[in-house]
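**Student:** What follows is a predicted structure for the sequence shown.
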Amino acid sequence: MKRKIVLSCVMFLCAVLFVQAQQGKIAVIDMAEVFNGYEKTKLGELKLKQQAEVFQEYSANLTTQLEKLRKELGDLVNAAQNMALTEAERQNKMMSAQDKNLEIQNREKELRDYQREKQFQMREAHEAMRTEILKEINVVVSNKATLGGYILVLDKSGMTTNQIAAVVYHAPGMDITESVLADLNRGMRAAPKAEDVKARVKDNEADVLTKTEKEGE
């Protein structure tokens, strides 16, 4: 039964495309390839990655501080149980341990809140970047379709709910993927390429490392 439904859908789509083909041209595009190959996408993802690394570094610093505080708490608890100390000294250590435990709880909450907030910010930033880029791609596709006389542009990168390619076959001349990608990246010529940004980041890291090594000598 399921196979019959799928076959019927395919036949219906073919019939629709046949009728439309009599009235105008049809094109296909690999939206995934265009999105990933767009230089602005690469730059945006690189910036998000660098921002995420900053957040991760801060989280790592907080975690290191927590580990230090927990060790200090353990030392205070042990000291509070040390019978070699006077009763007053043990009480003082116990009070200090309570204060230290409260500080740990506050730092743990700070870490949880920070991670939750930054994860939300990163998701929002990624979604905003994706939405903006898809709008730009759609504008170029629409313009190319209008100028080229295409009445329909299908995304061949997608899959149906049955994990079947949305476009099973198309003539090579129907594919406008490379043409759209070329138009998009042509407008990015003045902007730095993702590879160049990565190289500059590596150079800066090397300079910092060299400076740190010299200071340590």
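**Tutor:** On my side now, so go ahead.

**Student:** the strands in the chain, which residues?
**Tutor:** Applying DSSP state E to the chain gives strands spanning 25-29, 150-155.

**Student:** Out of those, which gets nearest to residue 175?
**Tutor:** Across the strands of the chain, residue 175 has its closest neighbour in strand 25-29 (5.4 Å, C-beta to C-beta). All C-beta spots, glycine's among them, are computed from the backbone N, C-alpha and C.

**Student:** Looking at the strands of the chain, spot the one closest to residue 140.
**Tutor:** Of all the strands of the chain, strand 25-29 sits nearest to residue 140, with 10.1 Å by C-beta to C-beta.

**Student:** and the angle from the closest one to strand 150-155?
**Tutor:** Counting by axes from the mean of the first three to the mean of the last three C-alpha atoms, to 10 degrees, strand 25-29 lies at 20 degrees to strand 150-155.

**Student:** okay, now residue 74: neighbour count?
**Tutor:** For residue 74, the count of nearby residues is 12 (other C-beta atoms under 10 Å).

**Student:** ok, it to residue 100 distance?
**Tutor:** According to C-beta to C-beta, to the nearest Å, residue 74 stands 10 Å off from residue 100.

**Student:** shaky segments in the chain?
**Tutor:** Along the chain, the model assigns pLDDT under 70 to residues 1-23, 168-169, 189-217.

**Student:** Pick out the residue closest to the middle of it.
**Tutor:** By C-alpha atoms, centre = their mean, the chain has its centre lying nearest to residue 126, at 5.6 Å.

**Student:** other SSEs contacting the longest helix along the chain?
**Tutor:** In the chain, with assignment by DSSP state H, the single longest helix is helix 87-148. For helix 87-148, the packing partners by 3 or more C-beta pairs under 8 Å, 6 or more residues apart in numbering; DSSP states H and E come out as strand 25-29, helix 31-37, helix 39-80, strand 150-155, helix 177-186.

**Student:** Dump these to CSV, plus distance to residue 109.
**Tutor:** Conversion of those to CSV gives the following (distance: least, C-beta to C-beta, whole Å):
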stretch, distance to residue 109
strand 25-29, 48
helix 31-37, 39
helix 39-80, 11
strand 150-155, 45
helix 177-186, 45
